[in-house]
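Chemist: mind looking at a prediction? Sequence and model below.
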Amino acid sequence: MGIADVLVRGFGAGTGIEFRAHDGSRAGPREASVRVEVRSQRAVNYLVQSPGELGLARAYVSGHLDVHGDMHEALSRLWSNHDDELSRRERLDMLRALGLRSLRPVAPPPEEVRLRGRIHSKVRDAEAVSHHYDVGNRFYGWVLGPSMAYTCAVYPRADATLEEAQATKFDLVCRKLGLRPGMRLLDVGCGWGGMVVHAAKHYGVEAIGATLSRDQAEWGQRTVEETGLSDRAEVRWLDYRDVAEGDFDAISSIGLTEHVGKAQLSSYFDFLLGKLRPQGRLLNHTITRHDNVYPAIPRRSFLNRYVFPDGELLGPGRIASAMHDAGFELRHEENLREHYARTVAAWSANLQDHWEEAVAEVGEGRARVWRLYLAGSRVSFEWDTIELHQMLGVRTTNGAAGMPLRPDWEPAAGVADIPARSSDGSGAGAEAAGSGAVR
């Protein structure tokens, strides 16, 4: 039995994938649109020492295993056909076929990370964020496109572009928060400042964004200045827990909860509640599991070791309960997972279109991490293994919530820019003062 035959047995004979290995063995349909190539013994070592996704990731990221064809199709086929019910005897037979050399320990690729220190401390959180986000704005620009928005887009039409969908997402968040000129917005985990800029430009709010990534903060603040919004918007390089201001009318948290952790979830929502004025709103936008049962992200997983160290995906029920327990009244919730599947598909296409530039910028190993991560995320959203939930909470006071009787935030066909304040104080600020919106 050659290595390719062992792989077919391990991954399932019905994948429709051709397997080839460095020992000359071949298995699977010759006309397959996807081919997996084991290029060296080191790939076998990875697969044996860490069975499952981590071993496969190590082999692929290191370049000792290659996937020819569409990565999304490959992962979909492997996922749908993988047999987890191999007997102990079958596993031993497969191990003998691979040889004792496969038991020799080999170091993981340098792209793999293991953080030290107390989990979710400010220092360790900063290191975790830097690992994923500080890989260069040029790279992110190729993947994310002009919007530089690294969260689920909302597609208003099936044929909408990624940029249209990202603008629709930001506008939906603004409308759910009920933003009006002169209101004060805090955007925690603000990324490259997309929400800050959109809210200040189109809704006339005073916006503060906080991010732990220096690259993001520099980009975001430069965008604020270039857009002429310095009078009412800023992006800061700091932990959201260090924001000193309070009494905000609204808080947006778009893609931060995944980094908070289960143990800190209560204190996270307690903190955000304390930053809001009475009747202030929180829009929490986060990836979740599809249930509330299984562990978040296993420590020995591809995502934890290569993509989001210390990241945790919780069930939507746990997050909703934590919001309620902190004192929020949960007023609206929706699942946008199909939109996220479309979003990561667009990112994957962007990465493929700029593959050579991406490899030159961040190295082939890091580029491979992203190719695998984006394709795997798309499969996960399509199969409802993970979801994307937006939850709207309000800090009520004696039952007063300041909410409409029914949701009134369907995305508008278009949004107008709010002019910047003039030197005499007229414009958005004066208009808001007249409406009593300034606090």
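Modeler: Thanks, I have the structure now.
Chemist: from here on, contacts and neighbour counts on C-alpha atoms
Modeler: OK.
Chemist: pretty sure Glu258 is touching Leu313, no?
Modeler: Yes: the pair formed by Glu258 and Leu313 meets the contact definition of Cα atoms under 8 Å, at 5.7 Å.
Chemist: between these two, which is the more surrounded one?
Modeler: Leu313 (25 against 21; other Cα atoms under 10 Å).
Chemist: which neighbours do Glu258 and Leu313 have in common?
Modeler: When contacts are counted by Cα atoms under 8 Å, 6 or more residues apart in numbering, Glu258 and Leu313 are jointly contacted by 287-288.
Chemist: tell me how far Glu226 lies from Val188.
Modeler: For Glu226, the distance to Val188 equals 22 Å [Cα to Cα, to the nearest Å].
Chemist: which of these two has more neighbours?
Modeler: With neighbours defined as other Cα under 10 Å, Glu226 and Val188 compare such that Val188 has more, 26 against 10.
Chemist: distance check, the more buried one against Gly399.
Modeler: Distance of Val188 to Gly399, given as Cα to Cα: 26 Å.
Chemist: contacts for the helix ranked longest in the chain next, please.
Modeler: With residue count as the measure and DSSP state H as the assignment, the chain has helix 364-382 as its longest helix. Under the criterion Cα under 8 Å, 6+ apart, residues 57, 60-63, 71-72, 75-76, 111, 303, 306-307, 337-338, 340-342, 344-345, 347-348, 351, 355, 358-359, 386-387 lie in contact with helix 364-382.
Chemist: inside helices: which ones of these?
Modeler: 57, 60-61, 71-72, 75-76, 337-338, 340-342, 344-345, 347-348, 351, 355, 358-359.
Chemist: hang on, Ser62 packs against Pro109?
Modeler: Yes: with contacts counted by Cα under 8 Å, Ser62 reaches Pro109, the gap being 5.6 Å.
Chemist: any weak-confidence spans in the protein?
Modeler: Applying pLDDT under 70 to the chain flags the ranges 82-96, 100-102, 129-134, 294-297, 411-439.
Chemist: switch to 50 and redo it
Modeler: When residues are selected by pLDDT under 50, those of the chain lie in 412-416, 418, 420-439.
Chemist: mind listing the helices for the stretch 151-300 of the chain?
Modeler: When secondary structure is read from DSSP state H, counting those that start in this stretch, the stretch 151-300 of the chain shows helices at 162-176, 194-203, 214-226, 257-260, 265-274.
Chemist: between these, which one is closest to Val135.
Modeler: Comparison of the helices of the stretch 151-300 of the chain against Val135 by Cα to Cα identifies helix 214-226 as nearest, at 8.4 Å.
Chemist: continuing past the longest strand along the chain, what's the next helix or strand?
Modeler: With residue count as the measure and DSSP state E as the assignment, the chain has strand 276-289 as its longest strand. Towards the C-terminus, the helix or strand next in line after strand 276-289, according to DSSP states H and E, is helix 302.
Chemist: which other helices and strands contact that next one?
Modeler: Under the contact definition 3 or more Cα pairs under 8 Å, 6 or more residues apart in numbering; DSSP states H and E, helix 302 sits against helix 53-61.
Chemist: off-centre distance for the helix it packs on?
Modeler: Taking the mean C-alpha point of helix 53-61 and that of its whole chain, the gap between them comes to 20 Å (Cα atoms, centre = their mean, to the nearest Å).
Chemist: need the contact partners of it.
Modeler: For helix 53-61, the surrounding residues in contact (Cα under 8 Å, 6+ apart) are 42-44, 46-50, 65-67, 108-109, 111, 300-302, 365-366, 368-369, 372.
Chemist: return the set of buried residues in that helix.
Modeler: By 16 or more other Cα atoms under 10 Å, the buried positions in helix 53-61 come out as 54-61.
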